[in-house]
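Asker: Just to be clear, the model below is a prediction. Sequence and coordinates:
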Amino acid sequence: MEEIIAFLKTDTFIMINVIILCVLFLGFFIMLVRLHSINKNYKTFLKKLGNGETIEEDLENYMYRVERVEKQNSEIRNLVNAIDANMDTCIQKIGIVRYNAFKDTGSDLSFALAMLDENNNGVVLNGIYSREMSNIYAKPVENGKSKYTISEEEQDAIQKAIENKQIYRVREK
């Protein structure tokens, strides 16, 4: 133990400590210069070319716009759902039959047009054409039937509309 205490009191020990302290100070100084250089590069990196805004400001603006778009998408989704909920009452099915009401006209200029919603409610129009005049009659349709007398052509138009499978609905997945 006395040998260690004696060694600690020697000039050699003090010189070794001074050398170690100098090396540590030099290392500290080198790290300080490198940190300053990295900090400078970082600040330069954060500045955008041209307008001087930082990337942080750009990210804040971008996040604001993203939130605004998400809100708009939510509003659009709600509107589409509301429209979709009312689609079953809109005309979705159409059936048309052209026919020759009178033998003297020579062509299929008369027509029966059925326009129905998803529940087969709507109207059937019958346009009768002759050389002297043209008339259009409308009859309500409920559940694919009318309380009024229906001609064969009107019934065919209603049946075509009922069989029409081209109903377009927007459904969320």
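Answerer: Looks like it came in fine.
Asker: Give the other helices and strands that the longest helix seen in the chain contacts.
Answerer: In the chain, with assignment by DSSP state H, the single longest helix is helix 11-46. Other helices and strands packing on helix 11-46, by 3 or more C-beta pairs under 8 Å, 6 or more residues apart in numbering; DSSP states H and E, are helix 55-86. All C-beta atoms are positioned from the backbone trio N, CA, C, and that covers glycine.
Asker: got the angle between the helix it packs on and helix 11-46?
Answerer: 50 degrees (axes from the mean of the first three to the mean of the last three C-alpha atoms, to 10 degrees).
Asker: i'd like the first residue to be 107 from this point on
Answerer: Done: numbering now begins at 107, and the last item shifts to helix 161-192.
Asker: Which neighbouring elements make contact with helix 161-192?
Answerer: Contacting helix 161-192 under the criterion 3+ C-beta pairs under 8 Å, 6+ apart are the following elements: helix 117-152.
Asker: contact partners of the helix or strand where residue 244 lies?
Answerer: Element membership for residue 244 (DSSP states H and E) is strand 240-247. Residues external to strand 240-247 that are found in contact with it (C-beta atoms under 8 Å, 6 or more residues apart in numbering): 220, 222, 226-234, 252-254, 256, 260, 264.
Asker: follow-up on the earlier one: I'd like the mean pLDDT over the longest helix of the chain, please.
Answerer: Within the predicted structure, the mean pLDDT of helix 117-152 is 90.
Asker: Report the distance from it to the chain centre.
Answerer: Here the centre of mass of C-alpha atoms in helix 117-152, compared against the chain's by C-alpha atoms, centre = their mean, to the nearest Å, lies 55 Å away.
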